[in-house]
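> next come a sequence and a model predicted from it.
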Amino acid sequence: MTEAQLAEVITQIPIAELIYLLNAISKRNYAQFQVLENLFVANYGIEVWEEYFNFRLLPALDSASNQWLLDRLLDKQRN
């Protein structure tokens, strides 16, 4: 998928997707975050998820939430 195609797909993703993900992070509910992540990937694909995660979700996080999520992701990789 080209950058232009990625950008087009991402701009069509409902804001509710981001809100659900932010809510799971805010509640420090990693299990819910994983479910939402898997649903997102199933609906839009891994390439879109990577772009969305890096350029929409992460920039929206405060430093404590960013650190919490990073810790969970690193824990997941270790196990």
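Yep, it's here.
> can we go C-alpha only for contacts and neighbour counts from here?
Will do.
> roughly how far apart are Trp49 and Leu61?
Noted for Trp49: a distance of 16 Å to Leu61, by C-alpha to C-alpha, to the nearest Å.
> more neighbours: which of these two?
Trp49 (21 against 15; other C-alpha atoms under 10 Å).
> residues in contact with that one?
Counting by C-alpha atoms under 8 Å, 6 or more residues apart in numbering, Trp49 touches 37, 40-41.
> how many residues are close by Asn43?
Neighbours of Asn43 using other C-alpha under 10 Å come to 11.
> flag the helix or strand of this structure with the lowest per-element mean pLDDT.
Averaged element by element with mean pLDDT, DSSP states H and E, the chain has its least confident helix or strand at helix 3-11 (a mean of 90).
> please identify the buried residues of it?
Residues of helix 3-11 classed as buried: Ile10 (neighbour count, 16 or more other C-alpha atoms under 10 Å).
> give me the contacts around the next helix or strand after that helix.
The C-terminal neighbour of helix 3-11 among helices and strands, as given by DSSP states H and E, is helix 15-26. Residues outside helix 15-26 that contact it (C-alpha under 8 Å, 6+ apart) are 30, 32-33, 36-37, 40, 56-57, 61, 65, 69.
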